[in-house]
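Undergrad: Predicted model and sequence follow; I will ask about them next.
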Amino acid sequence: MKKINFIVLGMLLASGLALTSGSKVIAKAENGNVAINNFEAWKFAAGWETSQVYTNEGVKVTVPGADTKGDSAWQYSAELPANDSRDTFAFDVGDSLTLEILVKMYDASTSTQLSESVNDGGGALEFYFTNSSTNKDFAMLRIWANSGGWTNADHSFEIYNIVNDSTVWTSQKAADYWVKGDAAGNNKFTLVFDKENIISSYVGGNDSLVALGNSTFIETAKTAISDASGVYVRVKGSNGFTKNTDVTLCSINGQSLANDGTNFVDDVAPVFTKSSLAKVAGEVPAYQEYEIPAEANDLFGSVAYAISVDGNEKVEGKKFTPTPGNHEVTLYATDLGGNVTSKSFTFNATYSAATFIDEWHSLRVDGSICEMLSDGNVSKLEEMFAKFDAFDASSQETIRDTIDIDDVKIGETMDYLKMMLANKANKTNSTNQSIVNIAKEDVATTSIVLLLALGIIPVVGYFLISKKRKEI
């Protein structure tokens, strides 16, 4: 059993818990700023043979076009978010993924066509939604970014399921809406994936998000992602771009990647993962340290934890040692920018009379009465007495009436031990002087005084009583 100082245990019994630190302190970033040099740009947005740089708007991915890749241009796309940050937005964290994306195929300021899509010689932008568990596409959104003019913020679209690597036209809803955004790098496309509506966006004439697919599209997509751990989006021109094309990831799930060339502004709190929350036990053993297994994810990485139990002051870490009973525990997760999220739990800490009896018998197996009174074991005894005192009267009676050794009950042994501890404490200050005063007496007298001074006579009495009972 873990050693606990008696005075400390008494304090724990008064407060109902003990707290221990279990995680490293992470300093809060100044003013919520997080330095961009902590992260390579490709950790957020990337793609095969693409280049990535930070711009003021976010992470710009340049996708190669047919002028350098020829007929293989169709293979190249921007992947959002990149592989390194996908776990942060997996289904284990949330059921949705929201991306804000800028695409620049046309320069509105100079009326210059920078790039087109290979397939149609125009502005067909394709957004492929990909199962991150299999890396297989399950849906494709095609936006005609030049419909109504390149700088027009409302564009017609088509939406497809992808089944067995082939696109399947299932949606007739596309004709009802035009998606907001442009391919001039000025107006963002907002794409929202969630398990219920699959793909939503902002459309002309609406201020709120609208599901882009019909019921057939949605149900087919749900089947395709039933075993997915998450999704990501690939952005490309229809059959590829004709020239290098910039795709900028501006934000992920509300966290902006905009920066001043030095810092991000971190203003989104961490999120606890579902799988880790499912591991949190409702019932825990009393007097044993318990670490809450909940974990929180944050786009910018490090999360520091603190815990508050029964309304007490927060302490670093996720560990606490409860006494018996119910405890209200709140776990806090703080990211580099100082954003905090919290989750509250109710724990029932249990400690039975049977467990106490087993622990007591373990003490007796590990040592005799004399050994139990040694300096190294006194703290164990005091801990057991404190645990006993925390039981109700009925449980205390059950414990006291249980046989300790031979025909002596635990209650009798406890009484002797408490008396010996009291004698030992009372005589500590006078023991040395008593030994000096008796030094000139005979050996027998000296032995008796030493036994009294050390509290050994009650031990002899304890065993004499035990022996006498057996003879009766």
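TA: Alright, I've got the coordinates.

Undergrad: which intervals of the stretch 251-400 of the chain have sub-threshold pLDDT?
TA: 365-368 (pLDDT under 70).

Undergrad: Strands of that one, residue ranges please.
TA: 255-256, 263-265, 271-272, 283-285, 290-291, 296-297, 303-309, 315-316, 319-322, 325-335, 340-350 (DSSP state E, counting those that start in this stretch).

Undergrad: For the residue nearest the centre of the chain, which non-adjacent residue is closest in space?
TA: Centre of the chain computed as the mean C-alpha position; nearest residue by CA atoms, centre = their mean is E295, 0.8 Å away. Distance criterion CB to CB, 6 or more residues apart in numbering; nearest residue to E295, sequence neighbours excluded, is S276 at 4.2 Å. Where C-beta positions appear, they are placed from N, C-alpha and C, glycine not excepted.

Undergrad: coming back round to it: in JSON lines: the strands of the stretch 251-400 of the chain, plus mean neighbour count and distance to V233.
TA: JSON lines is the format used below for the strands of the stretch 251-400 of the chain (neighbours: other CB atoms under 10 Å; distance: least, CB to CB, whole Å):
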{"stretch": "strand 255-256", "mean neighbour count": "19", "distance to V233": "16"}
{"stretch": "strand 263-265", "mean neighbour count": "20", "distance to V233": "21"}
{"stretch": "strand 271-272", "mean neighbour count": "20", "distance to V233": "20"}
{"stretch": "strand 283-285", "mean neighbour count": "14", "distance to V233": "42"}
{"stretch": "strand 290-291", "mean neighbour count": "16", "distance to V233": "37"}
{"stretch": "strand 296-297", "mean neighbour count": "22", "distance to V233": "19"}
{"stretch": "strand 303-309", "mean neighbour count": "22", "distance to V233": "25"}
{"stretch": "strand 315-316", "mean neighbour count": "18", "distance to V233": "38"}
{"stretch": "strand 319-322", "mean neighbour count": "23", "distance to V233": "39"}
{"stretch": "strand 325-335", "mean neighbour count": "19", "distance to V233": "24"}
{"stretch": "strand 340-350", "mean neighbour count": "15", "distance to V233": "25"}
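
Undergrad: Can you tell me which of the ones you listed is nearest to D87?
TA: Across the strands of the stretch 251-400 of the chain, D87 has its closest neighbour in strand 296-297 (7.1 Å, CB to CB).

Undergrad: Against which helices or strands is the closest one packed?
TA: strand 271-272, strand 303-309 (3 or more CB pairs under 8 Å, 6 or more residues apart in numbering; DSSP states H and E).

Undergrad: For that strand, what is the distance to the chain centroid?
TA: 5 Å (CA atoms, centre = their mean, to the nearest Å).

Undergrad: rewinding a little: isn't the residue nearest to the centre of the chain right up against P270?
TA: No: contact criterion CB atoms under 8 Å: E295 and P270 do not qualify, at 9.3 Å.

Undergrad: what touches both of those two?
TA: Counting by CB atoms under 8 Å, 6 or more residues apart in numbering, the residues touching both E295 and P270 are V303.

Undergrad: dump the residue contacts of the closest residue to S344 other than its chain neighbours.
TA: Counting by CB to CB, 6+ apart, T330 is the residue found nearest to S344 once chain neighbours are left out, at 4.7 Å. When contacts are counted by CB under 8 Å, 6+ apart, T330 touches 307-309, 342-345.

Undergrad: Out of those, which is nearest to W169?
TA: K343 (43.7 Å).

Undergrad: who's that closest one bridged to?
TA: Counting by DSSP bridges, K343 forms beta bridges with L331.

Undergrad: With distance to P64 as extra columns, can I get the strands of the stretch 251-400 of the chain in CSV?
TA: Shown next, in CSV, are those (distance: least, CB to CB, whole Å):
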stretch, distance to P64
strand 255-256, 27
strand 263-265, 27
strand 271-272, 35
strand 283-285, 56
strand 290-291, 48
strand 296-297, 32
strand 303-309, 37
strand 315-316, 48
strand 319-322, 51
strand 325-335, 35
strand 340-350, 40
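
Undergrad: Now do the domain split for the protein, please.
TA: For the chain, the domain assignment from automatic domain parsing gives the residue ranges 6-27+270-350, 39-265, 353-471.

Undergrad: gap between the two ends of the longest one?
TA: In this case it means domain 39-265. 14 Å (CA to CA, to the nearest Å).

Undergrad: show me where pLDDT drops low in the stretch 1-150 of the chain?
TA: Using pLDDT under 70, the flagged stretches of the stretch 1-150 of the chain are 1-31.

Undergrad: What ranges does the protein have for its helices?
TA: Along the chain, counting by DSSP state H, helices occupy 6-15, 66-69, 215-224, 274-278, 353-366, 369-372, 375-389, 393-400, 410-427, 431-437, 443-454, 457-471.

Undergrad: Identify the bridge partners of S201.
TA: L191, V210.

Undergrad: A211 versus that one, what's the distance?
TA: In this view, S201 and A211 are 9 Å apart by CB to CB, to the nearest Å.

Undergrad: May I see the helices and strands packed on strand 296-297 arranged in a markdown table, with distance to Y287 as well?
TA: A markdown table is the format used below for the helices and strands packed on strand 296-297 (distance: least, CB to CB, whole Å):
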| stretch | distance to Y287 |
| --- | --- |
| strand 271-272 | 27 |
| strand 303-309 | 14 |
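
Undergrad: can you map out the strands along the stretch 1-150 of the chain?
TA: 17-20, 33-35, 51-55, 58-63, 78-80, 96-104, 106-107, 112-113, 124-131, 136-144.

Undergrad: Give the partner strands of the fourth one in its sheet and their orientations.
TA: I take that to be strand 58-63. strand 51-55 (antiparallel), strand 245-252 (antiparallel).

Undergrad: ditto for the second one
TA: For strand 33-35, the pairing partners within the sheet under DSSP bridges are strand 263-265 (antiparallel).

Undergrad: neighbours around A153, how many?
TA: If you count neighbours by other CB atoms under 10 Å, A153 ends up with 18.

Undergrad: N377 touches E371, doesn't it?
TA: Yes: assessed by CB under 8 Å, N377 is found in contact with E371 at 6.3 Å.

Undergrad: so how far is G376 from E283?
TA: 33 Å.
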